[in-house]
Each structure stands twice: as C-alpha cells, then as structure tokens.
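Q: Turn this into a structure:
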Amino acid sequence: MVIKVFVATSSGSTAIKKKQQEVVGFLEANKIDFQQMDIAGDEDNRKWMRENVPGEKKPQNGIPLPPQIFNEERYCGDFESFFSAKEENIIYSFLGLAPPPGTKETEKSDAKEEKSDVVEEKSEATEEKSEATEEKSEATEETETHTEDKADEGAPEEAQSDEAPSEDQQENKEEHAVTGEEEEKQEEGEGNEEVEEQEES
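A: Presented below is the predicted three-dimensional model:
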C-alpha cells in the first residue's frame, strides 16, 4: 500500500506549486510513506494519471491538474478533497490507510464504536421489553380463555335449572289438583241434596 502523489516539478503555476508542497509537506510531517511521481519529466506518469483520474474529477478540458493522490491504483482525490479530509481529521480514511494509535482519527473511530455499542445495548433492552409485553399478552389471553370455559360450563346448569320445574312449583300444582277434586265433590253433594228435596216434595 503505497501512496502516490502526482506532481509537476517544473510547473510555472505558483498555485499548483503551493498545493503540491502542502500535500508533500503534510505527508512527510506525519511520516506517511509516499512516492512522488513527476508528470513534467515523465510522459508515462502523465498518461497514467490522466487515464486513472475519474471523469467527475476531471475539469472541463479533460486534463486533471496536479497534485493528484492515489493509493497504489485506487484514486484518493485531488487537492480540494485532500484539504477537506485534513480539516475533518479523516486524512487516513481519505488515503485508505489505518490511522495510527493516538491520533484524532483513532479517537473518532473509537467514539463511533462506543456509540454503536450504546445503540446495540438500547436495541437489546427494547427487544427484552417487547418480549415481556408479548408474555403479558399471552398470559392475558390464557386468563380470558379460562374465564370463557368457566362461563360455558355454568351455562348448561342454568339451562337445566330453567327446564326442570322447582319443588315449590310441583307442590303448588299438587295443591291445585287436590282443591279441584274437593270442589267437584262438594258440587256432587249439593246436587244430591237437591234431588232428595225434590223427591220428598
């Protein structure tokens, strides 16, 4: 994994020279290994750089200007992308390198891992709550089914009690029957007395 910085050592543009010096100086200060590829004195380097810079990063004329940064054959970016990554302390991610321990970028990645752990713990707690809720709902359903079963068992008894006449009702019927017989007897007796009176007369 070698960082390649394509520069033009004999460029007449002061702006290009400053940008190249800033990139090279930053890499040297942070002890990041890189190769400086001159496109001014090497036609192959110029051709390779132009062919491997993505189309969206090329200017309107189609000729990308140095400095252009690669990690082996993978394109990292131009000076603007490099500057943005440096300001955001994500230069190692920009270059496709693992950040060394103790750097701000490592602290950021550690903080992200801690946040992800916290999120995982929260999600686990949420899952436990949902499982407890499901258990409660299942218990409620069981109690409801038991209540329904009991109600169904009690219903036939009530129906039987409605169909079968009570003892009091039976006694009342018997009393009515007895009183009816007595009345009939009384009527017969009265009829006999009337007949006897008529005969005597």
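Q: was I right about residue 11 contacting residue 66?
A: Yes - applying CB atoms under 8 Å as the test, residue 11 and residue 66 come out as touching, 7.2 Å apart. Every residue, glycine included, has its C-beta placed from N, CA and C.
Q: Which neighbours do those two have in common?
A: Counting by CB atoms under 8 Å, 6 or more residues apart in numbering, the residues touching both residue 11 and residue 66 are residue 20.
Q: Which one's more surrounded, the two?
A: residue 66 (26 against 16; other CB atoms under 10 Å).
Q: Which of the three states applies to the residue lying closest to residue 76 once chain neighbours are set aside?
A: Excluding its sequence neighbours, the residue lying closest to residue 76 (CB to CB, 6 or more residues apart in numbering) is residue 69, at 4.3 Å. Per DSSP: H, G, I helix; E, B strand; the rest coil, the local secondary structure of residue 69 is strand.
Q: Which strand residues bridge residue 69?
A: residue 5, residue 77 (DSSP bridges).
Q: Looking at it now. What's its pLDDT?
A: On pLDDT, residue 69 comes in at 98.
Q: give me the number of residues near it?
A: As a burial measure, residue 69 scores 22 neighbours (other CB under 10 Å).
Q: OK, contacts around it?
A: 3, 4, 5, 6, 23, 75, 76, 77, 78, 81, 82, 95.
Q: Using PyMOL, make a named selection holding only the buried ones among those residues.
A: Those of the contacts of residue 69 that count as buried under 16 or more other CB atoms under 10 Å are selected in PyMOL with:
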select buried, resi 3+4+5+6+23+75+76+77+78+82+95
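Q: any idea how far residue 27 is from the residue lying closest to residue 39 once chain neighbours are set aside?
A: In this structure, residue 39 finds its nearest non-sequential neighbour in residue 46, 3.9 Å apart by CB to CB, 6+ apart. Going from residue 46 to residue 27 by CB to CB, to the nearest Å gives 21 Å.
Q: Can you say which helix or strand has the residue nearest to residue 39 in it?
A: Assigned by DSSP states H and E, residue 46 belongs to helix 43-52.
Q: Do me a favour and average the pLDDT over that helix.
A: Here the average pLDDT along helix 43-52 is 95.
Q: How about stretch 124-137?
A: Stretch 124-137 shows a mean pLDDT of 68.
Q: No further questions, thank you.
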